[in-house]
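Chemist: Got a predicted structure here, sequence first:
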Amino acid sequence: MHRLFIAIGAVLTLFAIAATPASARLEELGAMEETVKGSCPDKECRAITRTTAYQAKVGEKRGLMTVPRDGRIVAFTLALGKPGPKQAEFFTETFGGAAQAAVVVLRPGKSLNYTVVAKGPMTTLTDYFGQTAQFPLVRTLRVRKNDVIGITVPTWAPLLQLSLPGDTSWRSSQAKDGCADTQTQTALLGSKTAAQFTCLFRNQRVTYSATLVSTP
């Protein structure tokens, strides 16, 4: 069973949630069961590396990270694997630093093109390995209906659940001809805010969710 940690800023966010009008709706996009977790420290310990990603489908659930109505993202949750010391050292040395991630709001265009319209702060994940951790946002992110909530990883993050059915899949901002390339930096960082998410990875889940408070 995962232990849930609520990171710094929880009091402010929980106060904001409690203060929302009764007509506002609180919901978890991509809500995760307790069995959802990153693969590490299993023998096949894999991580998301140097990309921006979003979960496209889990079983029969399509568009589970698509925002159903206008509102604000007030927190995001990561179900992190727990890589062993040698595994963590390998990832850190190979992919340019400690594990990090940030929640992002992606606005869809045509032909799987997405643009980052808002993003949370970059968070170092090392202290949360092996846990399900919720990270409230001091500055919440405004979203519109049909936006998609993703995760940007500039280095690496143990956020991949493996060996799932073929109807579970996620997409990344990697180039169409570079879906197997884990070294090139394809994360939407700095002035790079748009990409075509043509790379599809089946049998895997990116282990994250986001908390939405809808506009009343």
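Modeler: Thanks, I have the structure now. Keep in mind it's a predicted model, so treat the numbers as computed, not measured.
Chemist: For residue 55, which residues are in contact?
Modeler: Neighbouring residues of residue 55 by C-beta atoms under 8 Å, 6 or more residues apart in numbering: 30, 64, 65, 169, 170, 205, 206, 208. Heads up, the C-betas are built off the backbone N, CA and C, glycines and all.
Chemist: Surely the last one touches residue 158?
Modeler: To tie it back to what came earlier, the one meant is residue 208. No: using C-beta atoms under 8 Å, residue 208 is not in contact with residue 158, being 11.6 Å away.
Chemist: Spatially central residue in the protein, please.
Modeler: Central residue of the chain (C-alpha atoms, centre = their mean): residue 151, 3.4 Å from the mean position.
Chemist: Now do the SS call for it.
Modeler: Per DSSP: H, G, I helix; E, B strand; the rest coil, the secondary structure class of residue 151 is strand.
Chemist: Same check on the one 4 residues further on?
Modeler: For residue 155, the secondary structure call by three-state DSSP comes out as strand.
Chemist: That one and residue 144, how far apart?
Modeler: 30 Å (C-beta to C-beta, to the nearest Å).
Chemist: Neighbour count: those two, which is higher?
Modeler: The neighbour comparison of residue 155 against residue 144 (other C-beta atoms under 10 Å) goes to residue 155, with 23 against 13.
Chemist: hang on, the more buried one packs against residue 93?
Modeler: No: the criterion here is C-beta under 8 Å, and residue 155 misses it with residue 93 at 10.6 Å.
Chemist: For this protein, which helix or strand comes out least confident on mean pLDDT?
Modeler: Every helix and strand of the chain was ranked by mean pLDDT, DSSP states H and E. The lowest is helix 10-18, at a mean of 48.
Chemist: Could you list the buried residues of the helix or strand just after it?
Modeler: Sequence-wise, the next helix or strand downstream of helix 10-18 (DSSP states H and E) is strand 26-29. Within strand 26-29, the residues scored as buried using 16 or more other C-beta atoms under 10 Å are residue 29.
Chemist: now do stretch 88-107
Modeler: 88, 91-92, 95, 99-107.
Chemist: what do you get for stretch 122-134?
Modeler: So, applying 16+ other C-beta under 10 Å, buried residues of stretch 122-134: 123, 125, 128, 129, 130, 131, 132, 133, 134.
Chemist: for stretch 141-159, same thing?
Modeler: Quick answer for stretch 141-159 (16+ other C-beta under 10 Å): 141, 143, 147-159.
Chemist: returning to what we had before: from residue 157, how far out is the residue nearest to the centre of the chain?
Modeler: In terms of C-beta to C-beta, residue 151 sits 8 Å off from residue 157.
Chemist: And residue 32, by the same measure?
Modeler: Distance, residue 32 to residue 157, by C-beta to C-beta: 15 Å.
Chemist: ok, residue 141 - contacts?
Modeler: 72, 73, 103, 105, 118, 119, 120.
Chemist: I figured the last one was touching residue 137, is that so?
Modeler: So the one you mean is residue 120. Yes: between residue 120 and residue 137 there is a contact at 5.3 Å, judged by C-beta under 8 Å.
Chemist: can you give me phi and psi for residue 108?
Modeler: phi -70, psi 140 (degrees, to the nearest 10).
Chemist: State the distance from it to residue 59.
Modeler: Distance from residue 108 to residue 59, by C-beta to C-beta: 22 Å.
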